[in-house]
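Visitor: model this:
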Amino acid sequence: EEYDQILAGSPPPRTGHASHTRAFWTVAQELLLPILTVILTFTVTLSLFPGPIALLQSDLLGSWAPILALSTFNVFDFVGRSLPAWQGLADLISTRLLFVAAVTRLGFVVLFVGVYRNAFGYLGSEEVAGLSIAFLGVSNGVVGTLAMMRGGETGGEMGGAIMSFALALGLGLGVSLGFVVIWAFSNSDP
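Guide: Model prediction:
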């Protein structure tokens, strides 16, 4: 009968539409902190990696600086993504603490602009840049992975779809803000 209605040009009946909408908003409310954590985490990461980080220069490392910077991030991101598999780590970090960590990661944007501009004197050193990139990678791995895990624990398939949307939104915002960070880098003398 539904098939006949579709062929006749009329839409099938909307059974349960209101209940699906209510279920969506219920799951979204339960996942609010993991959603915001994922969006913030990947917005910060992609606003700095790979473009702005590849612009960091070094007299000591020369043309190897971007290669080593990107490799450092990738290695430490892998380490950070592997840490939640360690027994007990996921249980030690609450969802609220993950959100606080994601908000704190906003400081990386200011830090890397300072590193690039050598705004605070010692920040322009290779050591500080390398440590900052390593911390960016580890924090991205741990916070992003744990937030996605927490989101997947709630709401089943709908929760997974909501978290996937949050991830895509964070990636899109991060890439867009990456242009702003590159602009901040380019409007200074390295």
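Visitor: and stretch 159-176, what's buried?
Guide: 159, 162-163, 166-167, 170-171, 173-174 (16 or more other CB atoms under 10 Å). Glycine gets a C-beta too; all of them are placed from N, C-alpha and C.
Visitor: which ones among the residues you listed lie within strands?
Guide: Among these, no residue falls in strands (DSSP state E).
Visitor: helix or strand next in line after the helix or strand where residue 103 lies, which one?
Guide: Following DSSP states H and E, one finds residue 103 within helix 95-104. Following helix 95-104 in sequence order, the next helix or strand is helix 107-117 (DSSP H and E).
Visitor: next, the angle from the helix or strand just after that following helix to helix 107-117.
Guide: Moving toward the C-terminus from helix 107-117, the next helix or strand (DSSP H and E) is helix 126-153. With axes from the mean of the first three to the mean of the last three CA atoms, to 10 degrees as the basis, helix 126-153 and helix 107-117 are set at 160 degrees to each other.
Visitor: and the angle from helix 126-153 to helix 95-104?
Guide: Going by the same axes, to 10 degrees, helix 126-153 makes 140 degrees with helix 95-104.
Visitor: who does helix 126-153 touch, helix- and strand-wise?
Guide: helix 32-48, helix 65-82, helix 95-104, helix 107-117, helix 156-186 (3 or more CB pairs under 8 Å, 6 or more residues apart in numbering; DSSP states H and E).
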